[in-house]
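Student: Provided below for reference: sequence and predicted model.
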Amino acid sequence: MKIATWNVNSINIRLDQLLDWLDRTQIDVACLQETKCVDENFPYQPIFDAGYHTTFFGQKSYNGVAILSKHDIEDVQKGFDDDDDESPKRLIAATIKGVRIVNTYIPNGTELWSDKFTFKLDWLQRLRKFFDDTCRPEGDVLLCGDFNVAPDELDVWSVPHWEGKLHFSKPERAAMHHVKQWGFTDLFRKLNGDAQEFSWWNYREGAWQRNRGLRIDHIWTSASLSEKCTACWIDRSTRELERPSDHAPVIAEFVI
């Protein structure tokens with residue numbers, strides 16, 4: 001069973017790329033972020049025609065998350081329990097083949113100690129509480145998405161360049177580590193050791209061509225599910241396309 005996460009940076013702009021990628025990779029479950037469309041504009045039919053059930057939580061501008069699955073989607077939750085209608089659409093959870101999948105688009109934060117930065121830190125605290133309240137560490141649980149945080153030094157192309165900056169600041173990394181302490185394993189790091197690979201490259205400054213990126217897209221799982229994972233990799237092929245998303249998908253394969 002293949003489960004993937006991909007910030008598509010507008011699902012309607014990149015629908016053809018998405019459909020081609022799904023056909024080529026035969027992903028079982030695709031968790032998408034930054035869909036940038038309200039629910040009524042979600043391209044449900046072409047995705048259904050490609051063989052996928054969908055559940056989505058849409059919003060214009062920079063938010064929106066979705067789960068696509070070849071298998072039945074059950075027990076869907078959209079957002080945190082205490083969210084209201086004005087809350088950003090950044091979390092969607094569902095159970096697929098017994099795995100509780102939580103797909104997140106963690107806030108960016110704009111700049112250190114701005115209102116949006118403190119919102120990001122608070123959102124991560126709420127995410128940890130979400131797992132404390134709704135999931136069991138001994139179960140099969142998967143957290144994925146665009147975390148907007150590079151947790152470790154290997155996850156940035158240059159530590160001196162990124163030290164103390166957004167995505168790699170100590171408060172963000174500490175907040176992300178607190179989420180991880182719930183009982184998660186970083187699958188890419190577990191299976192690839194000290195490999196320095198990235199999942200996001202800025203559109204500017206030739207970042208992609210110079211491989212100056214960050215690993216901010218992740219698949220983390222509970223201990224029991226990590227034991228069922230046989231591979232985890234970053235699919236750089238989509239970043240080479242014309243008008244690509246600035247993110248590449250992360251894929252994990254499981255024996256389930």
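Tutor: That came through, no problem.

Student: hang on, isn't residue 112 packed against residue 170?
Tutor: No: counting by CB atoms under 8 Å, residue 112 does not reach residue 170; the two are 10.1 Å apart. (Glycine included, C-beta is placed from N, CA and C.)

Student: which residues are in contact with both of the two?
Tutor: residue 164 (CB atoms under 8 Å, 6 or more residues apart in numbering).

Student: now do the helices in the stretch 1-150 of the chain.
Tutor: Assigned by DSSP state H, counting those that start in this stretch, the helices in the stretch 1-150 of the chain fall at 15-25, 44-49, 115-134.

Student: okay if I get these as JSON lines plus mean neighbour count and distance to residue 163?
Tutor: Formatted as JSON lines, the helices of the stretch 1-150 of the chain follow (neighbours: other CB atoms under 10 Å; distance: least, CB to CB, whole Å):
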{"stretch": "helix 15-25", "mean neighbour count": "16", "distance to residue 163": "34"}
{"stretch": "helix 44-49", "mean neighbour count": "13", "distance to residue 163": "41"}
{"stretch": "helix 115-134", "mean neighbour count": "16", "distance to residue 163": "16"}
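
Student: residue 112 and residue 170: which has the busier surroundings?
Tutor: Taking neighbours as other CB atoms under 10 Å, residue 112 and residue 170 compare with residue 112 leading, 13 against 9.

Student: how far away is that one from residue 49?
Tutor: Computed as CB to CB, to the nearest Å, the residue 112 to residue 49 distance reads 45 Å.

Student: closest to residue 186 out of the helices of the stretch 1-150 of the chain?
Tutor: Proximity to residue 186 (CB to CB) singles out helix 115-134 among the helices of the stretch 1-150 of the chain, at 15.3 Å.

Student: what's the local residue count around the nearest residue to residue 224 once chain neighbours are set aside?
Tutor: Of all residues not flanking residue 224 in the chain, residue 140 sits nearest, at 5.7 Å (CB to CB, 6 or more residues apart in numbering). Residue 140 has 22 neighbours, counted by other CB under 10 Å.

Student: contacting residues around residue 152?
Tutor: Neighbour list for residue 152: residue 189 [criterion: CB under 8 Å, 6+ apart].

Student: how far away is residue 56 from residue 42?
Tutor: 5 Å.

Student: of those two, give the one with the bigger neighbour count.
Tutor: Shown here are residue 56 and residue 42; by other CB under 10 Å, residue 56 has more neighbours (23 against 19).

Student: what is the more buried one paired to in the beta sheet?
Tutor: Taking DSSP bridges, one obtains residue 66 as the residues bridged to residue 56.

Student: so for it, what's the pLDDT?
Tutor: What the model reports as pLDDT for residue 56 is 97.

Student: check residue 243 too.
Tutor: Predicted confidence (pLDDT) for residue 243: 96.

Student: how many residues are close by it?
Tutor: Here the number of neighbours of residue 243 (other CB under 10 Å) works out to 9.

Student: wait, isn't it in contact with residue 16?
Tutor: No: in this structure residue 243 lies outside contact range of residue 16 using CB under 8 Å: 10.3 Å.

Student: which one of the helices of the stretch 1-150 of the chain lies nearest to residue 104?
Tutor: Taking the helices of the stretch 1-150 of the chain one by one with CB to CB, helix 115-134 is closest: 6.8 Å.

Student: how far out from the middle of the chain is the closest one?
Tutor: Chain-centre distance of helix 115-134: 15 Å, with CA atoms, centre = their mean, to the nearest Å.

Student: check stretch 80-98 too.
Tutor: 14 Å.

Student: now do the buried residues in that stretch.
Tutor: 80, 88, 89, 90, 91, 92, 93, 94, 95, 96, 97 (16 or more other CB atoms under 10 Å).
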